[in-house]
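> test case, fold it:
(chains A and B)
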Amino acid sequence: MPEAASARRPARAFAGAAAVAVALALLPILAGAMGDAWVRGLCFAALYVMLALGLNIVVGFAGLLDLGYIAFYAVGAYVYALLASPHLTEHFPALARAFPGGLHMPIWAVLPLGAGLAAAFGILLGAPVLKLRGDYLAIVTLGFGEIIRIFLNNLNAPLNFTNGPAGITLIEPVHIAGLDLSHSTTVLGLRVSSVLMYYYLLVALAVLAIVVCLRLQDSRLGRAWMAIREDEIAARTMGINVRNVKLLAFSLGASFGGIAGGMFAAFQGFVSPESFSLMESIIVLSMIVLGGLGHVPGVVLGAVMLAMLPEALRHTAVPVQQWLFGRVVIDAEVLRMLLYGLATVGIMLYRPRGLWPAPRHGVVAAVTPDRPAAAAGASHG
Amino acid sequence: MDTLLQQLLNGLVLGSLYALIALGYTMVYGVLNLINFAHGDVLMVGALAALSAIGYLHGAWPGLPGWSLLILGILAAIPVCVALSLLIERIAYRPLRHAPRLAPLITAIGVSILIQTFAMLVWGRNYLTFPQLLPEAPMHIGGATLTVTKAVVIVLAALIMAGLLWLVNRTRLGRAMRATAENPRVASLMGVSPDSVIAVTFAIGAALAAVAGVMIESTYSVAHFYMGFIPGLKAFTAAVLGGIGNIAGAMVGGIVLGLIESLGAGYIGDLTGGVFGSNYQDVFAFIVLCGVLILRPSGLLGERVADRA
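Coordinates of the predicted model:
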């Protein structure tokens, strides 16, 4: 594994990390030259990296197919939206009296709260479905995601918690150490735009998520997840507490979604149930399937590719079609869904382990004369 | 009392539709142990194809009576759905028949996105109005009302289900299907071709979905490219409720789920003092689904299932 190899040579590892840091720091400046929309696209790519890594813990590491993952994103987003917008104080006079200056929770309080609440929802979902496997689990989690969305859509009466389909507006931007990320600032005579500051914050969080995932993967817990994924009964026999380990997968995965959701709310300044449809869950799932289920670098690759796709299509689909047909036959949004669908099916049929799959462990041991390579190759997909 | 009767009737209509769709899920699951995630989208394509066919026929022969247009619409939808379903089976599921379990499910999700996108390209993304083909005057039963369309739904579903039970339990083909569901390898030793049985199963499920799709759009008078998703999900719930893989179970599960939803939506407002309204109707299906899977994973009429997944 490359991570392990470089860890043995600290100098090289540091040089590599420094190179990546410089590249990530310079990237938005290059992208910014093509327009702020590209930097925004990069910000969303960082958010999707966090989401994909969180879902990868559940689906890729522990092998539990979760189709309602976006619900945790929604929980994080609404926690941030409610605690950092005038919505609650406007609709609950008692709360307005308690906080005469309005609710202005700092991000350091809101993000952990969102992550914690999302993790709690993860356990809430995980506990009853522990015994289910495979496709049953997929449908129940899908139902869970829909329930959350229906509640977000309808909890505006009789007490207005979520403001229903209209969503919550006027969400405060992130303030870090007196710095307001919604206004551009000047550092050493250089103008740093708002979206650029958000980019650095989101990328820092995404890198943190990557590091956490890599460390988790090689930890005792990560190995337990993979053992359960490969063979639950064997894992149980080896003394793994399957119930706790699965619940940890659900809650840790959910907390990634909660943090990403909080950042989404702060970045957008607006949340509505529309952003948390089943299609979003499926898009995040396609990201990890495309990149390589269970392999952190692959998942990051898949997330960045699919997240940047809409931006790339917006700039290429229209001119290319006008050049080819003289008019726009398929608009960019539809083309994006078409490509998602094709990618999901094509990858599963022709490259079932993803574009950048995990190196195979123990394949040699799995190939025995009466169970040849096909069985080993199909061990996890 | 009138509300109760009315909600029971509504539930029966809803339940008949769910049952028709659920049969498609349960039969495919029976022979392949696969959740055909794209089943709801097959239904949607059938419904939209019927709408186009009816529009064309009505334009060509304006004198045709409504009921004949409805029948012709269904007859047009069936081959479209069957062809689409066979194509999906051939391209997306057959190559993965021996792959790990998650693979075909993920492919099915991809296929579902593809079909929806194609439907959006062909029929546009707006809601289309389905014409009122049957007489609109409602019938009065007790204190409740029932439109002709809804009565047709109930009768048609009952006839189709009776026919299906006969097919599965009394014919050679039905025996081959049951044998394949039991054990495909042994069945193939007994001269049954699993590939063709699986294809027939997909075809029958698709034909039922076509009927259900046309009946859904004529009941609610609208059609659009996303109309298959929610009924598909509910019908899957119904199939699990009845015991997935079990044909009679899908019928019972469909009717029971329809009744639960309609009674729930009718009474939740009164029961909770107006805190929750009928806009929570969709939540019931999922709560029932979670409840069934936790308390009785094999469903109402099912045998052992929990460990198959």
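
> contacts only, for the nearest residue to B:G245 once chain neighbours are set aside.
Among residues not flanking B:G245 along the chain, B:G30 sits closest, at 4.1 Å (CB to CB, 6 or more residues apart in numbering or on different chains). All C-beta spots, glycine's among them, are computed from the backbone N, C-alpha and C. B:G30 sits next to B:177, B:181, B:201, B:244-247 when contact means CB atoms under 8 Å, 6 or more residues apart in numbering or on different chains.

> quick one: these as a markdown table, columns for distance to B:F37, secondary structure and pLDDT too.
Converted to a markdown table, the contacts of B:G30 look like this (distance: CB to CB, whole Å; DSSP: H, G, I helix; E, B strand; the rest coil; pLDDT from 0 to 100):
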| residue | distance to B:F37 | secondary structure | pLDDT |
| --- | --- | --- | --- |
| B:M177 | 21 | helix | 90 |
| B:A181 | 20 | helix | 87 |
| B:T201 | 16 | helix | 93 |
| B:I244 | 14 | coil | 82 |
| B:G245 | 16 | coil | 82 |
| B:N246 | 20 | coil | 84 |
| B:I247 | 20 | helix | 87 |
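
> closest to chain A among those?
Nearest to chain A out of the contacts of B:G30 is B:I244 (CB to the nearest CB; 8.7 Å).

> phi, psi for the closest one please.
Dihedral angles of B:I244 (phi, psi; degrees, to the nearest 10) stand at phi -70, psi 140.

> so it sits against B:V28, correct?
No - using CB atoms under 8 Å, B:I244 is not in contact with B:V28; the gap is 9.9 Å.

> ok, these two, which is more surrounded?
B:I244 (29 against 26; other CB atoms under 10 Å in any protein chain shown).

> now the more buried one. Nearest residue, chain neighbours left out?
Per CB to CB, 6+ apart, closest to B:I244 is B:Y29, 5.0 Å.

> off-centre distance for the host helix or strand of the one you found?
Per DSSP states H and E: B:Y29 is located in helix B:2-32. Distance of helix B:2-32 from the chain centroid (CA atoms, centre = their mean, to the nearest Å) equals 8 Å.

> buried stuff in that helix?
Neighbour counts over helix B:2-32 (16 or more other CB atoms under 10 Å in any protein chain shown) mark B:6-32 as buried.

> next, count neighbours for the residue of chain A found nearest chain B.
Closest residue of chain A to chain B, CB to the nearest CB: A:T344 (3.0 Å). Residues near A:T344, counting by other CB under 10 Å, number 25.

> so where do the strands sit in the stretch 151-300 of chain B?
Using DSSP state E, counting those that start in this stretch, the strands of the stretch 151-300 of chain B run over residues B:222-223.

> run through the helices of chain B in chain order.
B:2-32, B:39-60, B:66-88, B:102-123, B:148-170, B:172-182, B:184-189, B:194-220, B:229-242, B:247-271, B:281-295 (DSSP state H).

> all strands in chain A, in order from the N-terminus.
Along chain A, counting by DSSP state E, strands occupy A:175-176, A:179-180, A:185-187, A:190-192.

> B:I141 is nearest to which of those strands?
Across those, B:I141 has its closest neighbour in strand A:175-176 (64.4 Å, CB to CB).

> where does the prediction get shaky in the stretch 251-381 of chain A?
A:360-381 (pLDDT under 70).

> please repeat the previous calculation with a cut-off of 80.
By pLDDT under 80, the weakly predicted segments of the stretch 251-381 of chain A are A:314-315, A:317-319, A:321-322, A:324-333, A:358-381.

> ranges for the helices of it?
A:278-291, A:296-325, A:332-350, A:363-366, A:373-377 (DSSP state H, counting those that start in this stretch).

> tell me the most buried of those?
Most buried of the helices of the stretch 251-381 of chain A by mean neighbour count (mean count of other CB atoms under 10 Å in any protein chain shown) is helix A:278-291; its value is a mean of 24.

> what about that one, distance to the chain center?
Put simply, helix A:278-291 sits 9 Å off its chain's centre (CA atoms, centre = their mean).

> is any residue of it near chain B?
Yes - residues of helix A:278-291 contacting chain B under CB under 8 Å from any CB of the partner chain: A:278-279, A:282, A:285-286, A:289.

> which one is residue 161 nearest to, not counting chain neighbours?
This is for chain A. Excluding the flanking residues, the one nearest A:F161 by CB to CB, 6+ apart is A:L155, at 4.4 Å.

> other chain: chain B
Nearest non-adjacent residue to B:M161, counting by CB to CB, 6+ apart: B:M251, 5.2 Å away.

> now the residue in chain B that chain A sits nearest to: closest residue in space that isn't a chain neighbour?
Residue nearest to chain A within chain B (CB to the nearest CB): B:G110, separated by 3.0 Å. Nearest non-adjacent residue to B:G110, counting by CB to CB, 6+ apart: A:T344, 3.0 Å away.

> now do the same contact list for that neighbour.
With contacts defined as CB under 8 Å, 6+ apart, the neighbours of A:T344 are A:286, A:289-290, B:106-107, B:109-110, B:113.

> cool, B:D2 as well?
The contact partners of B:D2, taken as CB under 8 Å, 6+ apart, are B:142-144.

> and the pLDDT at it?
Listed pLDDT for B:D2 reads 73.

> and it, how close does it get to B:L8?
11 Å (CB to CB, to the nearest Å).

> what do those two both touch?
Common neighbours of B:D2 and B:L8 (CB under 8 Å, 6+ apart) are B:A144.

> can you pull the poorly scored residue ranges out of the stretch 1-150 of chain B?
For the stretch 1-150 of chain B, applying pLDDT under 80 flags the ranges B:1-3, B:99-102, B:142-143.

> chain A contacts on that one?
Residues of the stretch 1-150 of chain B lying near chain A (CB under 8 Å from any CB): B:34-35, B:91-92, B:95-96, B:98-107, B:109-114, B:116-118, B:120-121.

> just checking, A:Q321 touches A:A332?
No - if you go by CB under 8 Å, A:Q321 and A:A332 don't touch, sitting 9.4 Å apart.

> tell me the contacts of residue 20?
You didn't pick a chain, so chain A it is. Not one residue lies near A:V20 by CB under 8 Å, 6+ apart.

> please refer instead to chain B.
Counting by CB under 8 Å, 6+ apart, B:L20 has contacts B:157, B:160-161, B:208-209, B:211-212, B:215, B:235, B:254.

> make JSON lines from these and add pLDDT to it.
Shown next, in JSON lines, are those (pLDDT from 0 to 100):
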{"residue": "B:A157", "pLDDT": "92"}
{"residue": "B:I160", "pLDDT": "93"}
{"residue": "B:M161", "pLDDT": "92"}
{"residue": "B:L208", "pLDDT": "94"}
{"residue": "B:A209", "pLDDT": "95"}
{"residue": "B:V211", "pLDDT": "95"}
{"residue": "B:A212", "pLDDT": "94"}
{"residue": "B:M215", "pLDDT": "93"}
{"residue": "B:A235", "pLDDT": "91"}
{"residue": "B:G254", "pLDDT": "93"}
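
> please tell me how far B:H58 sits from B:M44.
Distance, B:H58 to B:M44, using CB to CB: 21 Å.

> higher neighbour count, these two?
A count of neighbours by other CB under 10 Å puts B:M44 above the other of B:H58 and B:M44, at 30 against 17.

> excluding covalently adjacent residues, which one is nearest to the more buried one?
Using CB to CB, 6+ apart, the nearest residue to B:M44 is B:G228, at 3.2 Å.
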